[in-house]
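**Q** build me a model:
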Amino acid sequence: MASLIPGRMTHRWNGELVVFHIGMTVNQWWRPDLWMPVFGDMPKMLRELSMDGDSGLLGYTMLVGARGPYLVQYWSSLDKLYAYAAAPDQEHRPAWTRFNRRARTAPKAVGIWHETYLVDRAESIYVGTPAMGLPRATEIVPIASRHDRARARVADGSTRGSEPAPPTAA
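**A** Here you go, the predicted model:
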């Protein structure tokens, strides 16, 4: 189990930030032969992206909704997200081709969806949690006194939520 981080924490990130939600809807639970292959493609893509430090994927969280699994992904660049989606020699393009082929033969079995957000500002707070979400994908830092309230963190004008932590004594 991940260790808890005491105190009030936030994230710090300078630069472009993309939040990408992607998921599948299992519409016919009784047809795992149709939706399990789609479900099985995502771990291959995540492994590939995680092993490539230049992919642009900063981190992700997998969640389960009422209709199926979905991911919240954090990317360093919209261009890198699009480049991965279009790259013929990486896992996404063949998976997308397989999905479309299956969808033509069984259009009601499983669905795919995604949403892409280019983030101008982001605010976060984590109290007594393990590193997760945006701070895990970027950098987790203590909340400075001038950023004690959510409104102040948002007003900062960037995705930065805090001042740098003070240096520790050696």
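
**Q** going by C-alpha atoms from here, please, whenever you check contacts or count neighbours.
**A** Will do.

**Q** contacting residues around the spatially most central residue of the chain?
**A** Nearest to the geometric centre of the chain sits Q73, at 1.3 Å (CA atoms, centre = their mean). By CA atoms under 8 Å, 6 or more residues apart in numbering, the residues touching Q73 are 19-22, 57-61.

**Q** now the two most distant members of those residues.
**A** I22 and L58 (15.1 Å; CA to CA).

**Q** between those two, which one's more packed in?
**A** Using other CA atoms under 10 Å, the more surrounded residue of I22 and L58 is L58, with 21 against 17.

**Q** just the buried residues of the helix or strand hosting the more buried one, please?
**A** Here L58, judged by DSSP states H and E, is contained in strand 57-65. Across strand 57-65, burial judged by 16 or more other CA atoms under 10 Å covers 57-60.

**Q** setting aside sequence neighbours, what's the nearest residue to P94?
**A** Closest residue in space to P94, ignoring its immediate chain neighbours: P88 at 7.3 Å, by CA to CA, 6 or more residues apart in numbering.

**Q** sec struct for the residue nearest to the centre of the chain, please.
**A** Of the three states, Q73 takes strand under DSSP: H, G, I helix; E, B strand; the rest coil.

**Q** if I look at the closest residue to it other than its chain neighbours, how far off is V72?
**A** Leaving out its chain neighbours, the residue that sits closest to Q73 by CA to CA, 6+ apart is Y60, at 4.2 Å. Counting by CA to CA, to the nearest Å, the gap from Y60 to V72 is 5 Å.

**Q** now do the longest helix anywhere in the chain: which elements does it pack against?
**A** The longest helix of the chain (DSSP state H) is helix 32-51. For helix 32-51, the packing partners by 3 or more CA pairs under 8 Å, 6 or more residues apart in numbering; DSSP states H and E come out as helix 92-105.

**Q** so which elements touch the worst-scoring helix or strand of the chain on mean pLDDT?
**A** Ranking every helix and strand in the chain by mean pLDDT, DSSP states H and E puts helix 150-155 at the bottom, with a mean of 75. Helix 150-155 is packed against no helix or strand, with contacts defined by 3+ CA pairs under 8 Å, 6+ apart.

**Q** any buried residues in it, and which?
**A** Those would be 153-154, for helix 150-155 by 16+ other CA under 10 Å.
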